[in-house]
Structures are given as C-alpha cells and as structure tokens.
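J.: from the sequence below, what's the structure:
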Amino acid sequence: MAQALSLDLRRRVVDAIKRGLSCRQSAERFGVSASSAIRWYGRLKKQGNVAAQKQGGDRRSGRIEAEAGFILSQVAETPDITLAELQEKLKTRGLIVGIGTLWRFFDRRRITFKKRRRMLPSGSAAT
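T.: All right, here's what the predicted structure looks like:
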C-alpha cells in the first residue's frame, strides 16, 4: 500500500492555493497530481485540516462480531460443524459472510479444529 504524502507538503500545496495559485498550478509546482491538490484544498475548506486519513484496517468485522454468541453456541452444540454449514446458518439469520470471514473470526479467538492424528500403520501390513 502506498504511503500518504507528508503533512508538510500538503500544507505547502494548500498555502500556495490560498495565496492565489490555481490548484493545478500549485500541484505542478510541488510535483503532485492535480486531483490531490484539489482534494486537499477541498478537505481544508470542509474539515479544516489537510492531514491524511487512516489507511487500511478492518471495517467490516463488526457485522460478524455482533453474531459471536450465536456462532459460538452453534460450535458448542455441534463441535464438528463446518464453516460452510455455519455460513448457511448465518444466511438464514440475514447475514451473508464468506468462508474467509468465518475463518478470521475463529482465528481471532485462536479456535482451531484439528483432525485426529493419523493411525500408525498396522504391524501385520506388508512392507
């Protein structure tokens, strides 16, 4: 992911616009895109600052976390339930989630479902 341009550069671009340069002229002078200069100046007028907003992060896990009690109760009731079965049960409750979303839900709680170890080969089997 690309990093945000520095706050100092943003301020210099916006200050040049305030002093009379157009957004495009200011952008060209400081080597940034015209769209960035336009967005920064618009943000200054609307919000009062030009600081970069937070990038990335999880914005949607709240939907599945709201159903945590239901999901964990289903697992307690049926310990060998599959993620696909859980996905179907959530769909009946009006929540459509992917298998990866369910996997991350369990991963955050460090809940794993390991299969049993393989049996040792029998002693009477031909080698």
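
J.: can we go C-alpha only for contacts and neighbour counts from here?
T.: Noted.

J.: for this structure, give me the ranges with low pLDDT.
T.: For the chain, the stretches with pLDDT under 70 are 1, 114-127.

J.: can you give me the strands in it?
T.: Here the chain has no strands by DSSP state E.

J.: same for the top helix by length along the chain, what does it pack against?
T.: When the chain is parsed with DSSP state H, its longest helix is helix 34-47. Using 3 or more CA pairs under 8 Å, 6 or more residues apart in numbering; DSSP states H and E, the elements in contact with helix 34-47 are helix 7-18, helix 23-30.

J.: what residues go with each domain of the protein?
T.: 7-47, 61-108 (automatic domain parsing).

J.: follow-up on the earlier one: so for residue 99, which of the helices and strands packed on helix 34-47 sits nearest?
T.: Comparison of the helices and strands packed on helix 34-47 against residue 99 by CA to CA identifies helix 7-18 as nearest, at 39.5 Å.

J.: mind checking how far the closest one is from the chain centre?
T.: Helix 7-18 has its C-alpha centroid displaced from the chain centroid by 30 Å (CA atoms, centre = their mean, to the nearest Å).
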